[in-house]
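>>> Here is a sequence together with a model predicted from it:
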Number of protein chains: 2
Amino acid sequence: MNKGSLIIISGPSGSGKDTVLKRLFIKMPELEFSISSVSRAMREGEVEGEKYNFISREQFEQMINDNALLEYNEYCGNYYGTPKAPVERCIASGGEIILEVDVNGAANVRKNCPDNFSVFIAPPSFEVLRNRLTNRGTETADVIESRLARAKEEMVRAKEYDYVVVNDDLDTAVQELAGIILAERHRVDRNGDILD
Amino acid sequence: MNKGSLIIISGPSGSGKDTVLKRLFIKMPELEFSISSVSRAMREGEVEGEKYNFISREQFEQMINDNALLEYNEYCGNYYGTPKAPVERCIASGGEIILEVDVNGAANVRKNCPDNFSVFIAPPSFEVLRNRLTNRGTETADVIESRLARAKEEMVRAKEYDYVVVNDDLDTAVQELAGIILAERHRVDRNGDILD
């Protein structure tokens, strides 16, 4: 059987990566999604086990001690992390699992899970990014400026990724990301059994 | 402007790589083809500048002395080689150039031209390979056995390639090869200008 892959996806707020991923899962239902463990309270509209597993601070610290996380960080007093077990099980069974994570998390995961490739979803330009964040109408000007500053920092680190997909047109971006995943299935190191 | 790529393609006799490539060039007419320089006489049906440039032994040795070849070898008293200039010009202009070469040539080209990726076209099995070579009806049993032995040696070295495409169904193989080329266009190292 062929080896699977961890597919690391990052992109600044406003790059549209959430929408790209939603469409990708419809197009490629065979892909798994890495559910993050978090120690914060569930918010309205959130569902346990959909995007997050909501656990206690103590449970999270136990996972840290057990080395059961591929990466984690603390943000506003809450822990966020990627459990190791589902990723390793998926890869061992020849599947592909998508992990949505920020640039720092991605750097840690690359070290801890070598069977990965990574894709950075980029906005077409900072102008477009500014417009997208402004048009949401949910954030203050200050928040928008701080998101743009953070996006600039993240864009610099896009060079750490294997691929970049520019999300100008949604359909095109989804197709390109799917194409990258299909091409990666033909990597020699994932096709040991053909060549033996 | 983005950087181009040298696309190295190898595969044993009977893998069907010539047919795959013919179909690829129809599908992706933007691809260039690396024309080999050879010191042997032109055969019936061959056209100067199509697959080969036919040059004299002296001209070939001048190219060797000028370090004007990415790789070359001598086979049955004739030189065969890959001129450096068209490949470098194509890559510098952001294009993609296909080089069909054997496993030894591929290993040399990788060293001399870092902007490459390589695809090994494999037959689905040795049984299929034997049938294909037999059904051609143009070779003796001895020649078929020696081609199969060579194919086995080449298959072992498939692990040196980035990708493997199994040519079971021609349409599928062409589509997969095209998909790999499209995905490679999204490699971060080929998209410097997006991220600056």
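Perfect, I can see it now.
>>> need the contact list for the closest residue to chain B within chain A.
Using C-beta to the nearest C-beta, residue A:183 is the residue of chain A that sits closest to chain B, at 3.5 Å. C-betas here are computed from N, CA, C, even on glycine. Listed by C-beta atoms under 8 Å, 6 or more residues apart in numbering or on different chains, the contact set of residue A:183 reads B:163, B:176, B:179-180, B:182-184.
>>> Neighbour-wise, give me the winner out of these.
residue B:163 (27 neighbours; other C-beta atoms under 10 Å in any protein chain shown).
>>> what about that residue, distance to residue B:9?
Distance, residue B:163 to residue B:9, using C-beta to C-beta, to the nearest Å: 10 Å.
>>> Not counting its neighbours along the chain, what's nearest the residue of chain A closest to chain B?
residue B:183 (3.5 Å; C-beta to C-beta, 6 or more residues apart in numbering or on different chains).
>>> Restricting to C-alpha, output the strand or helix carrying that neighbour in PDB.
Assessed by DSSP states H and E, residue B:183 sits inside helix B:170-184. Output of helix B:170-184 as PDB, limited to C-alpha atoms (Å, rounded to 0.1, in the frame of the first residue of the first chain):
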ATOM      1  CA  LEU B 170      -2.900   6.200 -22.400                       C
ATOM      2  CA  ASP B 171      -5.500   8.900 -21.800                       C
ATOM      3  CA  THR B 172      -5.000   8.600 -18.000                       C
ATOM      4  CA  ALA B 173      -1.200   8.700 -18.300                       C
ATOM      5  CA  VAL B 174      -1.200  11.800 -20.500                       C
ATOM      6  CA  GLN B 175      -3.700  13.500 -18.100                       C
ATOM      7  CA  GLU B 176      -1.600  12.600 -15.100                       C
ATOM      8  CA  LEU B 177       1.600  13.900 -16.700                       C
ATOM      9  CA  ALA B 178      -0.100  17.200 -17.700                       C
ATOM     10  CA  GLY B 179      -1.400  17.500 -14.100                       C
ATOM     11  CA  ILE B 180       2.100  17.100 -12.700                       C
ATOM     12  CA  ILE B 181       3.400  19.900 -15.000                       C
ATOM     13  CA  LEU B 182       0.500  22.200 -14.000                       C
ATOM     14  CA  ALA B 183       1.000  21.500 -10.300                       C
ATOM     15  CA  GLU B 184       4.800  22.200 -10.600                       C
END
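>>> That helix - what's its average pLDDT?
For helix B:170-184, mean pLDDT rounds to 96.
>>> got the angle for it vs helix A:170-184?
Compare the direction of helix B:170-184 with that of helix A:170-184 by axes from the mean of the first three to the mean of the last three C-alpha atoms, to 10 degrees and you get 110 degrees.
>>> Would you mind listing what in chain A touches chain B?
Counting by C-beta under 8 Å from any C-beta of the partner chain, the residues of chain A close to chain B are A:119-120, A:122, A:155-156, A:158-166, A:176, A:179-180, A:182-184, A:186-188, A:191, A:194-195.
>>> Now, those residues that are in strands?
Among those, the members falling in strands (DSSP state E) are A:119-120, A:122, A:163-166.
>>> Select from these the one having the most neighbours.
Ranked by neighbour count (other C-beta under 10 Å), these have residue A:120 at the top, with 30 neighbours.
>>> Go ahead and confirm that one touches residue A:163.
Yes - Residue A:120 is within contact range of residue A:163, at 7.1 Å (criterion: C-beta atoms under 8 Å).
>>> buried sites along stretch A:122-141?
By neighbour count on 16 or more other C-beta atoms under 10 Å in any protein chain shown, the buried set for stretch A:122-141 is A:122-123, A:128-130, A:132-133.
>>> Format these as TSV; extra columns: secondary structure and pLDDT.
Converted to TSV, the buried residues of stretch A:122-141 look like this (DSSP: H, G, I helix; E, B strand; the rest coil; pLDDT from 0 to 100):
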residue	secondary structure	pLDDT
A:122	strand	95
A:123	coil	93
A:128	helix	89
A:129	helix	89
A:130	helix	89
A:132	helix	87
A:133	helix	86
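>>> nearest to residue B:103, of the residues you listed?
residue A:122 (37.1 Å; C-beta to C-beta).
>>> For the spatially closest residue to the closest one that is not a sequence neighbour, which residues are in contact?
Using C-beta to C-beta, 6+ apart and skipping residues adjacent in sequence, the residue nearest residue A:122 is residue A:166, 5.1 Å away. By C-beta under 8 Å, 6+ apart, residue A:166 lies in contact with A:122-124, A:173, B:194.
>>> now chain A, which segments are flagged as low pLDDT?
A:1, A:192-196 (pLDDT under 70).
>>> Okay, helices next: where are they in it?
A:17-27, A:57-65, A:84-92, A:103-112, A:126-136, A:141-156, A:170-184, A:192-195 (DSSP state H).
>>> Show me what counts as buried in the third one.
Across helix A:84-92, burial judged by 16+ other C-beta under 10 Å covers A:84, A:87-88, A:90-91.
>>> can you put those residues in JSON lines and add distance to residue A:61?
Below are the buried residues of helix A:84-92 laid out as JSON lines (distance: C-beta to C-beta, whole Å):
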{"residue": "A:84", "distance to residue A:61": "15"}
{"residue": "A:87", "distance to residue A:61": "20"}
{"residue": "A:88", "distance to residue A:61": "21"}
{"residue": "A:90", "distance to residue A:61": "25"}
{"residue": "A:91", "distance to residue A:61": "26"}
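>>> Out of the contacts of residue A:166, which comes closest to residue B:101?
residue B:194 (31.3 Å).
>>> Distance check, residue A:72 against residue A:116.
Distance of residue A:72 to residue A:116, computed by C-beta to C-beta: 17 Å.
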